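make a model of this:
(one chain, ligands or ions: 1)
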Amino acid sequence: MSFDTLGLAEPLLRAVHEQGYTQPTPIQAQAIPAVLSGGDLMAGAQTGTGKTAGFTLPLLQRLMGATPAPTAKGRLPIRALILTPTRELAAQVEESVRTYGKYTKLKSMVMFGGVGMQPQIDRLRQGIDILVATPGRLLDHAQQRTLDLSHVEILVLDEADRMLDMGFIHDIKKVLALLPAKKQSLLFSATFSDEIKTLADRLLNQPALIEVARRNQTAELIEQKVHPVSRDAKKDLLTYLIQTNDWHQVLVFTRMKHGANRLCEHLVKSGITAMAIHGNKSQSARTKALADFKSGDLRVLVATDIAARGIDIDQLPHVVNFELPNVPEDYVHRIGRTGRAGSPGEAISLVCVDEDIFLRDIEKLIKRSIPRAVVPGFEPNPNERAEPIVLGRMTIGVGASRGGPRHHAPARGAAPSSGGRGPGAGGGGRGDGRSANGGGHGGGGGRAAPAGPRGGARSGGGGSGRPPAKSALPPKR
Ligand code: AMP
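Numbering: from 1, shown residues only. This next block holds a predicted model:
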């Protein structure tokens with residue numbers, strides 16, 4: 001199938017051809033006609049599937065076709081609102097809007113927290129057609145009455161599952177209350193949890209349903225490998241791999257912000273340019289790090305899962321899990337950064353004995369075993385015992401009951417199958433409501449149990465624009 005048969009207008013096709021796209025991706029082939037028809041849409045698609053063009057192109061076309069009446073203040077009305085969970089994703093989506101809309105007259109703007117309000121107010125005053133925003137800053141503007149959303153005709157919730165994971169449900173509800181009841185609503189989500197379905201029921205009117213293969217079924221292009229290694233040798237192994245293989249663009253994942261910082265310091269001391277990208281960094285530092293990484297000036301970008309969400313880098317050759325995520329779905333998101341849009345990639349995980357249980361959960365999710373390869377000179381110490389992993393206020397992993405901060409709740413499922421490493425994880429009940437639907441993790445989980453109920457650590461909205469720490473819980477299936 002070619003783009004030309006999807007009913008898109010010439011200025012959009014020209015921009016698409018300039019990008020070098022010859023064929024629509026499956027989500028584009030289905031979403032573009034559905035959105036052009038004017039109906040609501042619920043689409044299951046992850047980053048890397050081409051979903052952004054899937055909603056942006058038809059959205060542009062629908063707006064191009066009509067000349068809007070000015071608002072009471074004589075301004076161009078905002079006719080499309082795209083909500084995203086993170087600043088990075090907002091910036092990238094708006095860049096796509098500009099790329100695909102370059103031969104139209106439509107004006108767009110990105111809006112997120114962590115930067116001054118005034119330039120955003122000035123831009124709003126000039127008039128825009130399409131607003132791409134994170135929920136918190138959007139509500140700040142709404143509160144200050146610097147934003148009028150009463151003319152929105154099309155609403156897109158991008159990565160809706162992530163927004164809910166990050167505790168944005170209250171903010172989303174507040175935003176919905178600012179929009180006209182009659183509009184076209186498009187909801188994109190990688191997973192369909194009960195919460196997403198509830199949101200969809202509330203928001204969507206007889207939506208078209210589209211689901212494309214999840215990346216964990218389409219990751220053939222990604223070569224996955226595990227390097228077993230001792231806990232304390234990971235930093236040196238990473239340095240060794242980067243230097244001996246002469247890698248020049250490596251995205252490295254850590255679980256926590258301070259781990260990202262420490263790793264960067266180590267790499268820089270070894271003569272490898274590296275920067276960390278996480279929620280504690282200023283927006284300008286994050287934007288610069290990403291730009292330098294994309295341009296090739298920065299060899300290593302170290303990211304936490306939240307910061308990396310929505311990072312869109314074409315043909316990223318190497319992704320390294322310096323630490324495995326305790327949420328298996330995050331592994332799929334992480335490795336989805338490589339081998340994208342048809343180019344091959346390599347995803348390497350440095351795994352110490354503490355993380356064996358995470359590896360098991362990941363392999364269960366992706367339904368395949370990841371080949372192990374010990375790197376000569378970095379053989380793991382066979383006597384090393386699993387230790388609990390402390391993640392902020394909670395302790396996870398095998399042996400979580402042995403130590404860690406006072407606040408931790410017992411990790412689930414003592415692990416008789418965990419090879420006799422340590423005394424197991426206490427096997428207590430969970431207060432997070434996931435045990436009831438924990439299918440797919442039957443037995444021997446030993447994963448995180450948060451200190452409070454699900455979502456208890458969240459800020460509960462309020463519109464600061466800064467997402468709270470992500471819950472360690474994966475979305476419900
Ligand atoms: P997305 O899922 O929207 O984050 O897009 C993933 C990547 O695929 C982006 O880098 C796009 O530039 C690229 N892409 C989108 N549509 C196509 C297409 N039809 N052909 C090739 N690459 C595409």
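
which residues in the stretch 101-250 of the chain form helices?
With DSSP state H, counting those that start in this stretch, the ranges of helices along the stretch 101-250 of the chain come out as 118-126, 135-143, 160-165, 169-177, 194-203, 234-245.

okay, buried residues for the helix or strand encompassing Asp356 please.
Using DSSP states H and E, Asp356 sits within helix 356-366. With burial defined by 16 or more other CB atoms under 10 Å, the residues of helix 356-366 counted as buried are Asp356, Ile357, Phe358, Leu359, Arg360, Asp361, Ile362, Glu363, Leu365, Ile366. Quick note: C-beta positions are derived from backbone N, CA and C, even for glycine.

wait, which of these is closest to the ligand?
Nearest to the ligand, judged by CB to the nearest ligand atom, of the buried residues of helix 356-366 is Ile366 at 19.2 Å.

picking up where we left off before, run through the neighbouring helices and strands of the helix holding Asp356.
Contact here means 3 or more CB pairs under 8 Å, 6 or more residues apart in numbering; DSSP states H and E; on that basis helix 356-366 packs against helix 328-335.

by contact count, what packs against the helix it packs on?
Against helix 328-335 (3+ CB pairs under 8 Å, 6+ apart) you get helix 305-308, strand 318-321, strand 345-351, helix 356-366.

can you rerun that using 7 Å?
Counting contacts by 3 or more CB pairs under 7 Å, 6 or more residues apart in numbering; DSSP states H and E, helix 328-335 packs against strand 318-321, helix 356-366.

now render those as CSV, adding mean pLDDT and distance to Pro33.
Below are these laid out as CSV (pLDDT from 0 to 100; distance: least, CB to CB, whole Å):
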stretch, mean pLDDT, distance to Pro33
strand 318-321, 94, 34
helix 356-366, 91, 32
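
I'd like those as CSV, with distance to the ligand appended.
Below are those laid out as CSV (distance: least, CB to the nearest ligand atom, whole Å):
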stretch, distance to the ligand
strand 318-321, 15
helix 356-366, 19
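
and the ones you listed as a markdown table, adding distance to Asp129?
A markdown table is the format used below for the helices and strands packed on helix 328-335 (distance: least, CB to CB, whole Å):
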| stretch | distance to Asp129 |
| --- | --- |
| strand 318-321 | 36 |
| helix 356-366 | 40 |
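
report the separation between the residue nearest to Thr49 when sequence neighbours are not counted and Val212.
Using CB to CB, 6 or more residues apart in numbering and skipping residues adjacent in sequence, the residue nearest Thr49 is Ile27, 4.8 Å away. Applying CB to CB, to the nearest Å, the value for Ile27 to Val212 is 5 Å.

tell me, what's touching the two both at once?
By CB atoms under 7 Å, 6 or more residues apart in numbering, Ile27 and Val212 have these common neighbours: Ala45, Thr49.

verify the stated contact: Leu36 with Gln28.
No: counting by CB atoms under 7 Å, Leu36 does not reach Gln28; the two are 11.7 Å apart.

okay, the two: which has more neighbours?
With neighbours defined as other CB atoms under 10 Å, Leu36 and Gln28 compare such that Gln28 has more, 28 against 18.

then the helix holding Asp356 to CSV, C-alphas only?
Output in CSV follows, covering the C-alpha atoms of helix 356-366 (Å, rounded to 0.1, in the frame of the first residue of the first chain):
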residue,chain,number,x,y,z
ASP,A,356,17.8,-12.8,38.0
ILE,A,357,14.1,-12.6,39.0
PHE,A,358,13.6,-9.6,36.8
LEU,A,359,15.1,-11.4,33.9
ARG,A,360,12.8,-14.3,34.4
ASP,A,361,9.8,-12.1,34.4
ILE,A,362,11.0,-10.4,31.2
GLU,A,363,11.5,-13.7,29.4
LYS,A,364,8.1,-14.8,30.5
LEU,A,365,6.6,-11.6,29.0
ILE,A,366,8.4,-11.7,25.7
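
angle of it against helix 328-335?
Put simply, helix 356-366 runs at 80 degrees to helix 328-335, going by axes from the mean of the first three to the mean of the last three CA atoms, to 10 degrees.

okay, angle between helix 356-366 and strand 345-351 too, please.
150 degrees.

how far does helix 356-366 sit from the chain's center?
Remark: helix 356-366 is offset 20 Å from the chain centroid, using CA atoms, centre = their mean, to the nearest Å.

quick one: low-confidence parts of the stretch 351-477 of the chain?
Within the stretch 351-477 of the chain, the segments meeting pLDDT under 70 span 391-477.

check the chain too.
213-221, 279, 309-315, 339-343, 391-477.

show me it divided up by domain.
Domains of the chain are assigned by automatic domain parsing as 3-211, 222-366, 388-477.

to Pro376, which of those lies closest?
Among those, the nearest to Pro376 by CB to CB is domain 222-366 (10.2 Å).

show me how far that closest one is from its chain's centre.
Centroid separation for domain 222-366 versus its chain: 14 Å, with CA atoms, centre = their mean.

one step back: and among the helices of the stretch 101-250 of the chain, the most buried is which?
helix 160-165 (a mean of 26; mean count of other CB atoms under 10 Å).

could I have that helix exported to PDB, CA atoms only?
Output in PDB follows, covering the C-alpha atoms of helix 160-165 (Å, rounded to 0.1, in the frame of the first residue of the first chain):
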ATOM      1  CA  ALA A 160      -2.700   7.300  27.600                       C
ATOM      2  CA  ASP A 161      -1.600   4.300  29.600                       C
ATOM      3  CA  ARG A 162       1.600   6.200  30.500                       C
ATOM      4  CA  MET A 163      -0.400   9.200  31.600                       C
ATOM      5  CA  LEU A 164      -2.400   7.100  33.900                       C
ATOM      6  CA  ASP A 165       0.700   5.300  35.200                       C
END
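
check whether it contacts the ligand.
No: figure legend: helix 160-165 not in contact with the ligand (CB under 6 Å from any ligand atom); closest approach 13.0 Å.

what is that helix packed up against?
So helix 160-165, by 3+ CB pairs under 7 Å, 6+ apart, packs with strand 184-189, helix 194-203.

measure stretch 370-379 end to end?
18 Å (CA to CA, to the nearest Å).

would you mind listing the buried residues in that stretch?
In stretch 370-379, counting by 16+ other CB under 10 Å, buried: Ile370, Phe378.

now it: how far from the chain's centre is it?
29 Å.

who touches that stretch?
Taking CB under 7 Å, 6+ apart as the rule, stretch 370-379 contacts Gln224, Lys225, Val226, His227, Pro228, Val229, Ala233, Leu237, Glu363.

now stretch 125-141
Stretch 125-141 is touched from outside by 63, 75-76, 78-87, 90, 93-94, 97, 106-113, 117, 120, 147, 168, 171-172, 174-175, 463-466, with contacts defined as CB under 7 Å, 6+ apart.
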